[in-house]
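Colleague: Dropping the sequence and predicted coords here.
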Amino acid sequence: MLEGAGLLGANVDVLSIGWGDSFMADVLEAALLNAQASMIITRFAVSFPPPMLYSQHHGGEHSYVHNLTVEQSKATVGGASLSYLVQLLSKQGYLLFKMSDFRAIWVHEGLTAYFESAHADLTFPVDEWACFLQASPVYTGDGRAKFPLSYTREWLLDSDVYGALQHAWNNISGISSGSPFTLDLVRETRDVGFGGARRQRAAAGQTARSAQVQLVNNRGSHPAFSCSAFQKGSIFAHNGFHMEPGLIGESLIRNARNVAKRLELKFAKSLPLDSVYDFEVRRKTYFSEHDLQLMAPLILHPALHDLAACALGTEEVRIPILPILRMMPPGATQISWHLDFEDWRSHLSQTARVAYPTLEAVGEVLRFSESLLIVVVPLVQMVSEKSGGLMYVPGSHLRGLDLRQWSPQASKQADGSAGQQSTSFARFEEGELKIARGEHSFNQSAADETALRVGLRPGDVSAHRALVWHRGSQNSVEYTRWHVEIVYQDARAIPEKVTDPTLLPIELLVRSRDRPQDVVSTTSQLVEVVMQQQDHREEVCRDSSDVLCGAA
């Protein structure tokens, strides 16, 4: 539209987005990449109160729900919440000025002084919570609610913001027809509840820019966000996965994407377009020192280590295996439901090769799996089923370790009389190892019905436990889906033996308050470790036909 109007790269006085019932925020973000405006007028989803960060994303033609009748209400789950727009636009230099009904006006920060001089009672930033309380919950034309009022009322009255977020997720999922969406809380509000952070911020007279999360660059300091999102009883504890929006800066993503593009050109002739997945990029590819220098700042990002520390409940975090650069070429079909733990067991633990493990061995493997956190950093958009978005089965990790997945013989022995659809699960209950026999095994068809899709954009981060069932959607867009996968481990856990002959044992301590001298914190340190690993693999595989060596 901008190109057709001759406005690409132009400076305009007012940019008005009147289209507010679907993926409006995506359109707005794209427009601001190609034009500069003095003022912006947008709609917002008034049903989602601060501090909820909600936005619907594009999921294909006719994928969004519009004018759906729910509880005699016009339930439009599209658009974006006021808090989401505050965060999105503040990054572009725009501050909330005023609102009318369900429209908001934003002013570029370079003009705020003029507005403050013209209005004696105006001070930026304007409190979006106060603005939200003036919004009408009904359409002014016909008096119908814009969204089921019972939903919004339930969220507002819930004293637990995480409980409210869980209710909201369930409500939206029930009427969104599978459309991808973002749902989270403003970080600073996770500790003070609805409206509290807005009042605190306005009283302190902070600017909207300073109110954005500043990543902590000093190792050993407090995390850049509250660990309450990962505590007992949190959504993460229940679901087993967490999405952190906008955690990684654009420059780090761009550097990693440049490495991915180089690899794509290198392997363009050998990557079949109908390939399900290329699991072997980490083994087939020898990264140059220059590539590693580009990737290192992302892998060593302190915010990722803080997130891992919060999720694992520890102060010390290590990387037990080398990070992986993974891809899904255009045309690839969806990945089947799986546990990441299965990919590593063969070369991380000798006990995984035992047909009839002892109870002690089961406990060791279970403790190992529970000490891990898998972090996915997308380098391209992964927001829909067509672009390879991630899908998780909430709470699937709570069942524990499926012995049939790990040791079919042991499960068969335990459940011989329970039928083919039954298995045994090993899990810790109040610190004690329990073997639950005769439980239903994982049902892939049921998982397709209950799974939640997580839409990720470059800069967002998804983190999940090792025993959470998940899969990647098909990739039917025209570009290759690349992401960086980093495995973090509680450094208090006992390191597992490496039995893959192509790998050297590593223990990259990336976060520690008590042992700062042992922390790998520089690019040169990381590059040295990776180059040693690659040299070892090249030596082992020089005259070997082992499948683990892949095709160098």
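Modeller: Here it is on my side, so go on.
Colleague: thought His242 was touching Ala229?
Modeller: Yes. Here His242 lies in contact with Ala229, judged by C-beta atoms under 8 Å, at a distance of 6.7 Å. For the C-beta atoms, the positions are set from N, CA and C on the backbone; glycine is no exception.
Colleague: Spit out the residues that contact these two alike.
Modeller: Common contacts of His242 and Ala229 (C-beta atoms under 8 Å, 6 or more residues apart in numbering): 235-236.
Colleague: Helices along the stretch 351-500 of the chain, start to end?
Modeller: Listed in chain order, the helices of the stretch 351-500 of the chain (DSSP state H, counting those that start in this stretch) span 359-370, 403-406, 408-414, 444-450.
Colleague: Thr123: neighbouring residues, count only.
Modeller: Other residues lying near Thr123 total 12 when counted by other C-beta atoms under 10 Å.
Colleague: would it count as being in a strand?
Modeller: No. Applying DSSP: H, G, I helix; E, B strand; the rest coil, one finds Thr123 to be coil, outside a strand.
Colleague: Would you agree it is in contact with Ser117?
Modeller: No. At 11.4 Å, Thr123 and Ser117 do not qualify as touching, with contact defined as C-beta under 8 Å.
Colleague: So which residues of the stretch 151-300 of the chain form helices?
Modeller: Ranges of helices within the stretch 151-300 of the chain are 161-175, 196-204, 208-211, 235-239, 250-266, 281-284, 289-299, based on DSSP H, counting those that start in this stretch.
Colleague: Could you dump those helices into CSV with mean neighbour count added?
Modeller: Below are the helices of the stretch 151-300 of the chain laid out as CSV (neighbours: other C-beta atoms under 10 Å):
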stretch, mean neighbour count
helix 161-175, 18
helix 196-204, 17
helix 208-211, 17
helix 235-239, 18
helix 250-266, 16
helix 281-284, 18
helix 289-299, 19
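Colleague: which one of these lies closest to His536?
Modeller: Between His536 and the helices of the stretch 151-300 of the chain, the tightest spacing by C-beta to C-beta is seen for helix 281-284, at 12.4 Å.
Colleague: average pLDDT across the closest one?
Modeller: Averaged across helix 281-284, pLDDT comes to 42.
Colleague: Same check on stretch 328-336?
Modeller: 71.
Colleague: Next: stretch 82-90.
Modeller: 91.
Colleague: which residues sit against that stretch?
Modeller: Counting by C-beta under 8 Å, 6+ apart, residues outside stretch 82-90 touching it are 25, 28-29, 40, 42, 44-46, 48, 50-55, 80, 95-96, 99, 104, 106, 128, 131-132, 182, 186, 208-209, 211-212, 246.
Colleague: which regions of the stretch 451-552 of the chain lie under the pLDDT threshold?
Modeller: 496-503, 544-552 (pLDDT under 70).
Colleague: scratch that, the stretch 151-300 of the chain is what I was asking about
Modeller: If you take pLDDT under 70 as the line, the stretch 151-300 of the chain has these spans: 174, 176-179, 187-226, 266-286.
Colleague: sec struct for Glu315, please.
Modeller: Three-state secondary structure (criterion: three-state DSSP) places Glu315 in coil.
Colleague: do the same with Met327
Modeller: Assigned with three-state DSSP, Met327 falls in the strand class.
Colleague: Wait, it touches Thr480, no?
Modeller: Yes. Contact status for Met327 versus Thr480: in contact at 5.4 Å, counting by C-beta under 8 Å.
Colleague: any common contacting residues for these two?
Modeller: In contact with both Met327 and Thr480: 260, 264, using C-beta under 8 Å, 6+ apart.
Colleague: This protein - how does it break down into domains?
Modeller: With automatic domain parsing as the criterion, the domains of the chain are listed as 11-212, 235-392+452-549.
Colleague: Redo those domains as TSV? Include distance to Glu429.
Modeller: As requested, the domains of the chain are exported to TSV (distance: least, C-beta to C-beta, whole Å):
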stretch	distance to Glu429
domain 11-212	23
domain 235-392+452-549	12
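Colleague: which one is Gly233 nearest to, not counting chain neighbours?
Modeller: In this structure, Gly233 finds its nearest non-sequential neighbour in Tyr162, 7.5 Å apart by C-beta to C-beta, 6 or more residues apart in numbering.
Colleague: How much space separates the one you found from Ala426?
Modeller: The gap separating Tyr162 from Ala426 is 28 Å, by C-beta to C-beta, to the nearest Å.
Colleague: Over to Pro180?
Modeller: In this structure, Pro180 and Ala426 are 34 Å apart, going by C-beta to C-beta.
Colleague: okay, these two: which has more neighbours?
Modeller: Relative neighbour count places Pro180 above the other of Pro180 and Ala426, with 26 against 22, counting by other C-beta under 10 Å.
Colleague: Ramachandran coordinates for the residue nearest to that one when sequence neighbours are not counted?
Modeller: Leaving aside its sequence neighbours, Pro180 sits nearest to Gly455 (C-beta to C-beta, 6+ apart; 3.9 Å). Per-residue torsions, Gly455: phi -80, psi 120 (degrees, to the nearest 10).
Colleague: what's the burial count for Gly455?
Modeller: A count of neighbours around Gly455, defined by other C-beta under 10 Å, yields 27.
Colleague: Wait, it touches Thr182, no?
Modeller: Yes. The pair Gly455 and Thr182 qualifies as a contact (C-beta under 8 Å) at a distance of 6.0 Å.
Colleague: Now the common contact residues for the two.
Modeller: Applying C-beta under 8 Å, 6+ apart, one finds that Gly455 and Thr182 are jointly contacted by His57.
Colleague: Where does the prediction get shaky in the stretch 301-450 of the chain?
Modeller: Filtered on pLDDT under 70, the stretch 301-450 of the chain yields the residue ranges 331-334, 341-357, 383-388, 405-422.
Colleague: Could you report the separation of the spatially closest residue to Val259 that is not a sequence neighbour from Leu312?
Modeller: Nearest residue to Val259, sequence neighbours excluded (C-beta to C-beta, 6+ apart): Asp291, at 4.7 Å. Asp291 is 29 Å from Leu312, where distance means C-beta to C-beta.
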